[in-house]
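> Following is a predicted model, sequence given first.
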Amino acid sequence: MAKWNDISAHSRSETDRTPKTWEMKGPCGLRIVVTRHIHYPKDQWLLVCAGVVDGQYELEAKDIMAAKREALTLVATRLHEMAEFAAREQLR
């Protein structure tokens, strides 16, 4: 079973070591990242998942556990939509 890993990068001078970037690796090279960014509000979580979402997707959840659940739901929904599209295109 896949699990979330803290991949946060901290500068040496940073005293707060609270995790701010989480990653889950899935099959076929799928990489799901939930992160915060310096140019967004402190409670804003972003989803990065190449090939599934364009750029950084702003999640609605404000706490990390809810953001991870929202990210997985969104990725699963998008992958399902992509699979349905591919199946329809094969029938043409």
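Thanks, I have the structure now. Remember, predicted model here, so these are calculated numbers, not experimental data.
> Just the helices from this protein, written as ranges.
Per DSSP state H, the chain carries helices over the ranges 64-90.
> can you map out the strands along it?
Here the chain has its strands, by DSSP state E, at 5-6, 21-25, 31-35, 46-48, 56-58.
> any chance of those in TSV, plus distance to Leu79 and mean neighbour count?
All C-beta atoms are positioned from the backbone trio N, CA, C, and that covers glycine. Listed next are the strands of the chain as TSV, based on distance: least, C-beta to C-beta, whole Å; neighbours: other C-beta atoms under 10 Å:
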stretch	distance to Leu79	mean neighbour count
strand 5-6	21	12
strand 21-25	13	17
strand 31-35	11	19
strand 46-48	13	20
strand 56-58	14	14
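> Quick one: closest of the ones you listed to Ala86.
The closest of the strands of the chain to Ala86 is strand 31-35. By C-beta to C-beta, the value is 20.2 Å.
> Pull the residues that contact the closest one.
4, 7, 20-26, 45-50, 59, 64, 67-68, 71-72, 75 (C-beta atoms under 8 Å, 6 or more residues apart in numbering).
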